[in-house]
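A.B. asks: Just the structure for this:
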Amino acid sequence: MIIPPRYVGIDVSKKHLDIFDEADGVSRRIANAAQAITQQVARWRCDALVVFEATGAYDLALREALSQAGVRFARINPARARDFARASGQLAKTDPIDARMLAAFGRVMQPATERAANPARNALAGLAKRRDQLVLMRAQEKNRRSEADDCAMAERISRLVEVLDGEIAEIEADINALTKAEPEIADDARLMRSLPGVGPVACMQLIAKMPELGHVGAKQIAALAGLAPFNVDSGAFRGKRKIAGGRKRVRDALYMAALNAVRRADPFKAFYARLRQ
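C.D. replies: Residues are numbered from 1 along each chain as shown. Sure, this is the predicted structure:
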């Protein structure tokens, strides 16, 4: 006997999860806290497909609980969910309505499920995010120092820049140690660093922000990064192909890697020149 899958939609917010389970047709709200989520997830069998929007850190506890319980889940782009709601004629928007809509999205669209979470990659992603924050803070402080008219103020700013330098160096050491300690991550890093132009920062961002690498096709990866130029055609009209959306931090890292490659590596330099011509 084939058991049909059950579809569960969850609207995620900072403090609450609004849940709609098509199996019983009941909406419920629980706290967005590890204990409450674990108790809720334990009620679902492996035939459930849980659908929710990507909300950054707010859905982390939910992802971890689902992965540990072996329950399949799909984490979708919020824009895609809103497009589905509008196409379905659902104009009202509340948290319970969104949860019901996400369950319907799973049943109709059959979204691809996420791979099981890797704690080491999650930790690396957290370190990479903090490094980006500190690097931005350092750049801002350096700009303020260059504009400071008072020598005493410039000296104060310089001391803060030195503190930030130390924090960045410590985080980079932690990233390096984590990368070497995890065999799977170390192998991925070794392969990526063998490519012309890919330095330690680009490598770190790809590992942390693109866990799909090596598991889906090249065209899908390009689309996830926001580097796939999509068609805009209708009848005889041929619109301009252009990229849109995707993971900006990955795109930024790949831009710098490509810039290094076209400056230093002959095959990439020649290919770039042909494109420009």
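A.B. asks: What score does residue 3 have for pLDDT?
C.D. replies: Here the pLDDT value assigned to residue 3 is 60.
A.B. asks: Likewise for the one 3 residues further on?
C.D. replies: Turning to residue 6, the model gives it a pLDDT of 90.
A.B. asks: if I've got this straight, residue 68 is in a helix?
C.D. replies: Yes: remark: residue 68 belongs to a helix, assigned using DSSP: H, G, I helix; E, B strand; the rest coil.
A.B. asks: distance of it from residue 240?
C.D. replies: As for residue 68, its distance to residue 240 is 46 Å (criterion: Cβ to Cβ, to the nearest Å). Every residue, glycine included, has its C-beta placed from N, CA and C.
A.B. asks: how about residue 76, what does it touch?
C.D. replies: 51, 52, 53, 54, 102, 105, 111 (Cβ atoms under 8 Å, 6 or more residues apart in numbering).
A.B. asks: now those residues in JSON lines, with pLDDT and secondary structure?
C.D. replies: Shown next, in JSON lines, are these (pLDDT from 0 to 100; DSSP: H, G, I helix; E, B strand; the rest coil):
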{"residue": "51", "pLDDT": "97", "secondary structure": "strand"}
{"residue": "52", "pLDDT": "97", "secondary structure": "strand"}
{"residue": "53", "pLDDT": "96", "secondary structure": "strand"}
{"residue": "54", "pLDDT": "91", "secondary structure": "coil"}
{"residue": "102", "pLDDT": "97", "secondary structure": "helix"}
{"residue": "105", "pLDDT": "97", "secondary structure": "helix"}
{"residue": "111", "pLDDT": "93", "secondary structure": "coil"}
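A.B. asks: From those, list just the buried residues.
C.D. replies: 51, 52, 53, 102, 105, 111 (16 or more other Cβ atoms under 10 Å).
A.B. asks: on that earlier part again, neighbour count: residue 68 and residue 240, which is higher?
C.D. replies: Neighbour count, other Cβ atoms under 10 Å: between residue 68 and residue 240, residue 68 has more, with 12 against 7.
A.B. asks: quick one: contacts for the closest residue in space to residue 77 that isn't next to it in sequence?
C.D. replies: Spatial nearest neighbour of residue 77, chain neighbours left out: residue 54 (6.4 Å); criterion: Cβ to Cβ, 6 or more residues apart in numbering. Each residue near residue 54 by Cβ under 8 Å, 6+ apart is listed here: 75, 76, 77, 78.
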